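Chemist: quick one, what's the 3D model for this:
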Amino acid sequence: MPTEVPQPLRDDIVWLDLVEPTPQEDAFVEGLLGIPIPTRDELKDIEPSSRLYIQSNSVFMTASLVYRADSEDPHLTDVAFILSGNRLVTVRYAEPKSFQLFIAALGRVPEGKRDGTTLLARLLETIADRTAEILEHTVDHIDKLSTDIFRDRGKRRPPHYLESKLAKIAEAHRLVAKVRDSLGSLSRLLTFLMNVPHMQADKGDSSLCATVAHDVETLSEHASFVAGNISFLLDASLGLINVEQNAIIKIFSIASVVFLPPTLVASIYGMNFHFMPELNWHLGYPLALFAMLMSAIIPFFIFRWKGWL
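Modeler: Below you'll find the model as predicted:
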C-alpha cells in the first residue's frame, strides 16, 4: 500500500478499522489523518499513561477485550480506540466477536448520528453487551457442572469422573479471570472517555457512555460473584475426591481388620512345634477353619452395626 496520500479522506468516512495492519498500512493511515498509529508492541504496554492519553487533539485509548470466548482457549487482545476529529480509528490484531456484532448492527445507527464519538459509544456498548453474554454462558456452564458433580451421589460413576470435571472448572475460572481483566480495562477507559471534551460535547453520547460505565461496574461485581462460585465448586470437587479416596482406603482398612484374626489363627496352627495337642484331634482341621471363619464374620457384623460400612 503506498505511503503517499493521493487525495484527502472523504468527510463521510468516519470509522477506520485496522485489522492486523502492516507497517505500510500504519504509515498510510498516519499520512491520511496526521496522527501516529500504535503498533502491536505499543498496545501491549500496561502503563496507564501509555494506554489513555490525548495528543495533538486526538484521544488515544487502549482496552483489553476477550476473544475466542466460546473455545477452550480464550485470550485477551489489546485494541486501540482513537478519536481524531470527527473520526474513529480502531487498531486490533484479533477478531473479538463484539466487533462482528457491531458491524452487523451498524445499519440501525441513524445516518445523521454517524460520527466518531457516537460510533465509539455504541461500540463500547456492544462490547459490554458481549461481555455480559460471555458471563451468562459461563454461569450456565457452571450450573451444569454443579448439577453433574452433586447429583446421583449414590450411583456408581466411572473412574476419574470428578477429575475430568476439574479441567472444566479450570477452563471456566480462566475465562472469568480474563473477563474481569477486560472489564477493569474498560472501566478505566470509560472513566477517561467521559472526561474528554470530544465526548462531553454531545449529551447523548456522554449519557450513553455513563450508562455503559454503570453496566461495566455491574458486570465487574457479577464477575466477582461468578468467580466466587467457581472457587466454591472447585473446593467442593476436591472435597468429594478426598471423600471418595477415603472411602476406598476405608474399604482396604476394614478388609485388613476382618482378615487379621483368621490370619492369626492360621499362623498359630501353622507352627511346627512337636507338643501341640490340637495336632492329634480328629476334628482339629474343621474346628480351625470354623474358628477362622467366625473370627472374620464377627468383626464384619460389628462394623456394620457401628455404621462404619
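Chemist: next, Ser64: secondary structure please.
Modeler: strand (DSSP: H, G, I helix; E, B strand; the rest coil).
Chemist: show the contacting residues for it.
Modeler: Going by CB atoms under 8 Å, 6 or more residues apart in numbering, Ser64 touches 76-79, 181-182, 185. To be clear about C-beta, it is placed using only N, CA and C from the backbone, and glycine gets the same treatment.
Chemist: top of the residues you listed by neighbour count?
Modeler: Taking other CB atoms under 10 Å as the neighbour criterion, Ser182 ranks highest of the contacts of Ser64 with 26 neighbours.
Chemist: what is the helix or strand harbouring it packed up against?
Modeler: Element membership for Ser182, per DSSP states H and E: helix 161-193. When contacts are defined as 3 or more CB pairs under 8 Å, 6 or more residues apart in numbering; DSSP states H and E, helix 161-193 packs onto helix 48-51, strand 52-55, strand 58-67, strand 75-84, helix 116-150, helix 203-269.
Chemist: how does it look with 6 Å?
Modeler: Helices and strands touching helix 161-193, by 3 or more CB pairs under 6 Å, 6 or more residues apart in numbering; DSSP states H and E, are strand 58-67, helix 116-150, helix 203-269.
Chemist: out of these, nearest to Ser98?
Modeler: Among the helices and strands packed on helix 161-193, helix 116-150 comes nearest to Ser98, with 3.9 Å by CB to CB.
Chemist: how about the closest one: buried residues?
Modeler: Of the residues in helix 116-150, 116-132, 134-135, 138-139, 141-142, 145-146, 149 count as buried by neighbour count, 16 or more other CB atoms under 10 Å.
Chemist: ok, stretch 220-229 next?
Modeler: Residues 220, 222-223, 226-227, 229 are the ones in stretch 220-229 that count as buried (16+ other CB under 10 Å).
Chemist: that one - what's its average pLDDT?
Modeler: Mean pLDDT, computed over stretch 220-229, is 93.
Chemist: what does it contact?
Modeler: For stretch 220-229, contacts defined as CB atoms under 6 Å, 6 or more residues apart in numbering pick out 139, 142, 176, 179-180, 183.
Chemist: CA atoms of that stretch as PDB?
Modeler: Coordinates of the C-alpha atoms in stretch 220-229 are reproduced here as PDB (Å, rounded to 0.1, in the frame of the first residue of the first chain):
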ATOM      1  CA  SER A 220     -17.500  -6.500  37.300                       C
ATOM      2  CA  GLU A 221     -19.400  -7.200  40.500                       C
ATOM      3  CA  HIS A 222     -21.200 -10.100  38.800                       C
ATOM      4  CA  ALA A 223     -17.900 -11.500  37.500                       C
ATOM      5  CA  SER A 224     -16.600 -11.400  41.100                       C
ATOM      6  CA  PHE A 225     -19.700 -13.300  42.300                       C
ATOM      7  CA  VAL A 226     -19.200 -15.900  39.500                       C
ATOM      8  CA  ALA A 227     -15.600 -16.300  40.400                       C
ATOM      9  CA  GLY A 228     -16.600 -17.000  44.000                       C
ATOM     10  CA  ASN A 229     -19.000 -19.700  42.800                       C
END
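Chemist: now the helices and strands packed on helix 161-193 in JSON lines, with distance to Gly34?
Modeler: What follows is these, written out as JSON lines (distance: least, CB to CB, whole Å):
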{"stretch": "strand 58-67", "distance to Gly34": "9"}
{"stretch": "helix 116-150", "distance to Gly34": "15"}
{"stretch": "helix 203-269", "distance to Gly34": "24"}
